[in-house]
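**Q** quick check, what structure comes out for this input:
(one chain, ligands or ions: 1)
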Amino acid sequence: MAKDKNGFPKGFLWGGAIAANQTEGAYLEDGKGLTTVDLLPTGEKRFPIMLGDLPSYQPLEGEFYPSHEAIDFYHRYKEDIALFAEMGFQSLRLSISWARIFPNGDDAEPNEAGLQFYDNLFDELQKHGIEPVVTLAHFDVPVHLVEAYGSWKNRKLIGFFEKYAKTVFTRYKDKVKYWLTFNEINMLLHLPYVGAGLVFKEGEDEQQVKYQAAHHQLVASALAVKAGHEIIPDAQIGCMLAAGMTYAYSSNPNDVWDAMEKDRESFFFIDVQSRGEYPSYAERFFQDNGITIDMEEGDTEILKNHTVDYIGFSYYSSRLTSTDPKVQENTTSGNVFGSISNPYLEKSEWGWTIDPKGFRITANQLYDRYQKPLFVVENGLGAVDELDSDGQVSDDYRIEYLRAHMKEMREAVNDGVDIIGYTSWGPIDIVSASTGEMKKRYGYIYVDRDNEGKGSFNRRKKKSFDWYKQVIESNGENL
Ligand code: BGP
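**A** Residues are numbered from 1 along each chain as shown. I've put the predicted structure just below:
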């Protein structure tokens, strides 16, 4: 592919990434059904639920649920898209809320008002020349599917998801070319409620349940790829991995092996989605852990014949592992991958390791493994932003984080890695997925809204807004 002198290919898709549940709000408007995220409050109850301990299928009195209003993108998307356009966005990654289209997930007919909303949204993007990159499932499952079927534990979800995917492919076939199936599909192992709507019963073998649910998602993903290719001839359909290389803490071969196994835990999903079959190491892993995957005839063929066109991934941090119990005590907070602290690297206010070089390593690793185009669909710094006396946000720390990562991405491109685009996470402040907070901000645009749901929802540009604008304008030359 032709490259500019700075190393980024011509036509590289610069932009930002958001998700329905963290942005839209309007959680029951125009016929939308309740989703799993709508039952995730802020505060202490949030984490146990994310792990699969759900107290109720209805929101509880006295709890604050940030997804219910989020940042009101549902009503303000025109204003927000105009700001993205002003920064020069060439792409916007967003997700469709399954429950806007099929409120219960198993409805006979789709909800026209929900379909219309995304029609309007895509038209608005088209007006500004912004290419949509659409995730089918970003951490939200219609609650009815959890209550009535046990969510992805149940094979029936494959059919419901396939119907949903076909419905949106057919409706938006002239408006959307880039798709992603499941956001951070490996998150299912770490936050099973978030990744797959899993709620565990007393005494249930959680690992068995997770891998069976994973199989269902993998088949559903392949069937979505199949349908997408049939319905939209030039469609590009990708998978999406929460990526980040695992380093060994020491040169002790035990540490090195442990790091390899940790990476395989994540690669497992993409090996199936991209290579089209269960990796050779899976058999032993299943045996050692007493896991049996219930497959139906035809599953292996579906997986084999409908692999993804590109590899989407998020990158925030690298990970570090050790087999030494003493070293293990030093686990970083706020990290669902159970990484230990890296003595060479700084951390964000939420304990996430900051490792720009790890971004280059990860991109190289993924490209070596899959030899398919990569799309960086999430990267960014969650930080507390303070307004100064003029009401401005001087977020130099964010610029610094992004600049360092983009430089390493450019190195990766020059290493020969085929990267087709970069959408930074949360170009406008949105609700944090892990904590539900508003004060963990990623945006170039500030939103007046706090952790308790107070604020005017007004938008204002931060210092990073103009910086990102000139990054895009120069195709990454002026970082
Ligand atoms: C990824 C998710 C996003 C997102 C991001 C940042 O795991 O795909 O939805 O929110 O991480 O995480 P957080 O919002 O917890 O800071």
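
**Q** residues contacting Tyr370?
**A** When contacts are counted by Cβ atoms under 8 Å, 6 or more residues apart in numbering, Tyr370 touches Ile270, Ser274, Arg275, Ile311. In short, each C-beta sits where N, CA and C put it, glycine included.

**Q** the third one and Ile311 touch, don't they?
**A** No. With contact defined as Cβ atoms under 8 Å, Arg275 does not count as touching Ile311 (11.2 Å).

**Q** just want to know which of these two has more residues nearby.
**A** Ile311 (27 against 17; other Cβ atoms under 10 Å).

**Q** from Pro356, how far out is the more buried one?
**A** 20 Å (Cβ to Cβ, to the nearest Å).

**Q** repeat that for Gln365.
**A** Distance, Gln365 to Pro356, using Cβ to Cβ: 15 Å.

**Q** equivalent analysis for Val413, please.
**A** If you go by Cβ to Cβ, the gap between Val413 and Pro356 works out to 14 Å.

**Q** again with Glu477
**A** To Pro356, Glu477 is 18 Å away according to Cβ to Cβ.

**Q** what's the helix or strand for Tyr118?
**A** Here Tyr118 sits within helix 112-127, counting by DSSP states H and E.

**Q** torsion angles phi and psi at the residue sitting furthest away from the middle of the chain?
**A** The centre of the chain is farthest from one residue, Ser389, which by Cα atoms, centre = their mean lies 35.0 Å away. Backbone geometry at Ser389, expressed as degrees, to the nearest 10, gives phi -60, psi -20.

**Q** repeat that for Glu277.
**A** Torsion angles, degrees, to the nearest 10, at Glu277: phi -160, psi 160.

**Q** ok, now which ones touch it?
**A** Per Cβ under 8 Å, 6+ apart, neighbours of Glu277: Asp271, Thr300, Leu303, Lys304.

**Q** any chance of the residues you listed in JSON lines, with neighbour count, pLDDT and distance to the ligand too?
**A** What follows is the contacts of Glu277, written out as JSON lines (neighbours: other Cβ atoms under 10 Å; pLDDT from 0 to 100; distance: Cβ to the nearest ligand atom, whole Å):
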{"residue": "Asp271", "neighbour count": "19", "pLDDT": "98", "distance to the ligand": "20"}
{"residue": "Thr300", "neighbour count": "14", "pLDDT": "98", "distance to the ligand": "29"}
{"residue": "Leu303", "neighbour count": "23", "pLDDT": "98", "distance to the ligand": "24"}
{"residue": "Lys304", "neighbour count": "13", "pLDDT": "98", "distance to the ligand": "28"}
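
**Q** so after the helix holding Tyr118, what's the next helix or strand?
**A** For helix 112-127, the succeeding helix or strand toward the C-terminus, using DSSP H and E, is strand 131-137.

**Q** the following helix or strand past that next one - what's its average pLDDT?
**A** Going down the chain from strand 131-137, the next helix or strand is helix 143-149, by DSSP H and E. When pLDDT is averaged over helix 143-149, the result is 98.

**Q** stretch 36-55 now?
**A** The pLDDT scores in stretch 36-55 average 97.

**Q** show me which residues of that stretch are buried.
**A** 36-42, 45-46, 49-52, 54 (16 or more other Cβ atoms under 10 Å).

**Q** flag every buried residue along stretch 185-203.
**A** For stretch 185-203, using 16+ other Cβ under 10 Å, the buried residues are 185-200.

**Q** got the residues of this structure near the ligand?
**A** Within the chain, the positions near the ligand by Cβ under 6 Å from any ligand atom are 19, 22, 183-184, 242, 314, 378, 382, 425, 432-435, 440.

**Q** which among those count as buried?
**A** The neighbour count (16+ other Cβ under 10 Å) marks 19, 22, 183-184, 242, 314, 378, 382, 425, 432-435, 440 as buried among the residues of the chain next to the ligand.

**Q** which one of the residues you listed is nearest Leu402?
**A** Nearest to Leu402 among these: Trp425, at 10.3 Å, using Cβ to Cβ.

**Q** hmm, back to that, would you check which pair of the contacts of Tyr370 lies furthest apart?
**A** Arg275 and Ile311 (11.2 Å).

**Q** please pull out the lowest mean pLDDT helix or strand from the protein.
**A** Lowest by mean pLDDT, DSSP states H and E among the helices and strands of the chain is helix 325-328, with a mean of 92.

**Q** can you give me the helices in the stretch 201-350 of the chain?
**A** Secondary structure of the stretch 201-350 of the chain (DSSP state H, counting those that start in this stretch): helices at 206-231, 253-270, 280-288, 299-305, 325-328.

**Q** about what we covered before: in a markdown table, list the buried ones among the residues of the chain next to the ligand along with secondary structure and pLDDT.
**A** Supplementary listing: those in a markdown table, determined by DSSP: H, G, I helix; E, B strand; the rest coil; pLDDT from 0 to 100:
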| residue | secondary structure | pLDDT |
| --- | --- | --- |
| Ala19 | coil | 98 |
| Gln22 | helix | 98 |
| Asn183 | coil | 98 |
| Glu184 | coil | 98 |
| Ala242 | strand | 98 |
| Ser314 | strand | 98 |
| Glu378 | strand | 98 |
| Gly382 | coil | 97 |
| Trp425 | strand | 98 |
| Ser432 | coil | 98 |
| Ala433 | coil | 98 |
| Ser434 | coil | 96 |
| Thr435 | coil | 96 |
| Lys440 | coil | 98 |
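
**Q** just the closest of these to Glu124, please.
**A** Closest to Glu124, out of all of these and judged by Cβ to Cβ, is Ala19, at 17.7 Å.

**Q** check contacts around that closest one.
**A** Applying Cβ under 8 Å, 6+ apart, the residues near Ala19 are Leu94, Ser95, Thr135, His138, Phe139, Asn183, Ile430, Ala433.

**Q** so the closest residue to Asn6 other than its chain neighbours, which of the three states?
**A** Using Cβ to Cβ, 6 or more residues apart in numbering and skipping the chain neighbours, the partner closest in space to Asn6 is Glu477 (3.9 Å). When classified by DSSP: H, G, I helix; E, B strand; the rest coil, Glu477 comes out as coil.

**Q** farthest-apart pair in the buried residues of stretch 36-55, please.
**A** Pairwise over those, using Cβ to Cβ, the maximum falls at Thr42 and Gly52, 18.6 Å.

**Q** of Glu477 and Pro356, give the one with the bigger neighbour count.
**A** Using other Cβ under 10 Å as the criterion, Glu477 and Pro356 rank with Pro356 on top: 22 against 14.

**Q** nearest spatial neighbour of the more buried one, skipping sequence neighbours?
**A** Nearest residue to Pro356, sequence neighbours excluded (Cβ to Cβ, 6+ apart): Ala404, at 4.0 Å.

**Q** and the pLDDT at that neighbour?
**A** On the pLDDT scale, Ala404 gets 98.

**Q** which elements pack onto the strand or helix carrying it?
**A** Using DSSP H and E, Ala404 sits within helix 396-414. Using 3 or more Cβ pairs under 8 Å, 6 or more residues apart in numbering; DSSP states H and E, the elements in contact with helix 396-414 are helix 356-370, strand 419-425, helix 463-473.
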